[in-house]
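Undergrad: Kindly return the folded structure for what I paste below:
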Amino acid sequence: MARAAVRYAQAVLDIANANNNASDVNRDMEQIAEIVKENAELATFLQNPVVKAQVKENALNEIFASATPATKGLFQLLTSNQRFEILADIATKFSQLYDESRGVQVATVTTAIPMSKELEVKVLKKIKEISDKNISIVNVVDPTIIGGFVLRIGDQQFNASVNGKIQRLKRELNN
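TA: Model (predicted):
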């Protein structure tokens with residue numbers, strides 16, 4: 001993630017906190033990140049250097065017509081600095097910074113198939129051993145782990161995947 005995205009996200013968070021509407025801006029940022037991620041056409045449009053920045057701003061103001069003034073201010077700033085290519089990164093980083101400011105930590109749980117309620121209970125139990133913060137779980141599906149799960153919280157990782165066990169067994173057999 002670009003360092004510039006982090007700086008923009010922090011600036012928008014500071015403005016949102018000063019205006020007591022950080023949760024509203026966070027909703028905008030989550031929506032922006034999701035829509036840009038899911039819509040390849042929009043992502044390509046924002047990345048395209050041929051399209052003028054003002055055209056991009058106008059399009060975003062139409063797409064996100066109900067966005068907060070802080071979010072629309074970000075669009076204006078990106079227009080003047082011609083940095084629309086990092087909008088999705090800014091939105092993602094904003095949400096991370098917002099969660100951190102509220103004491104919420106995001107745990108990424110990678111599973112071979114979408115998580116079941118039973119697995120979610122096991123994961124939450126493991127999380128309580130690792131962290132004393134409030135945790136928000138994000139499930140990432142990756143069939144290559146075969147089964148089980150990989151839990152990542154910050155810089156800590158707990159690998160309870162079948163693929164991880166196979167890799168550990170290979171290392172043991174090679175030694």
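Undergrad: what's the helix or strand for residue 169?
TA: With secondary structure defined by DSSP states H and E, residue 169 is part of helix 162-174.
Undergrad: Against which helices or strands is that helix packed?
TA: strand 148-153 (3 or more Cβ pairs under 8 Å, 6 or more residues apart in numbering; DSSP states H and E). The way it works is simple: take the backbone N, C-alpha and C, and place the C-beta from them, glycine included.
Undergrad: what is the rounded mean pLDDT of the strand it packs on?
TA: For strand 148-153, mean pLDDT is 84.
Undergrad: can you check stretch 35-42 too?
TA: Averaging the model's pLDDT scores along stretch 35-42 yields 92.
Undergrad: From the chain's centroid, how far away is the helix or strand bottoming out on mean pLDDT in the chain?
TA: Lowest on mean pLDDT, DSSP states H and E among the helices and strands of the chain sits helix 117-130, with a mean of 79. A distance of 21 Å separates the centroid of the chain from that of helix 117-130, by Cα atoms, centre = their mean, to the nearest Å.
Undergrad: Pull out the buried residues from the next helix or strand after that helix.
TA: On the C-terminal side of helix 117-130, the closest following helix or strand by DSSP H and E is strand 134-141. Of the residues in strand 134-141, 135, 139 count as buried by neighbour count, 16 or more other Cβ atoms under 10 Å.
Undergrad: likewise stretch 77-97?
TA: So, applying 16+ other Cβ under 10 Å, buried residues of stretch 77-97: 78-79, 83-97.
Undergrad: Cross-reference those residues with the helices and report the matches.
TA: Cross-referencing the buried residues of stretch 77-97 with the helices (criterion: DSSP state H) gives 78-79, 87-97 as the overlap.
Undergrad: And the furthest pair within those?
TA: Taking Cβ to Cβ, the two most distant members of these are 79 and 96; they sit 24.3 Å apart.
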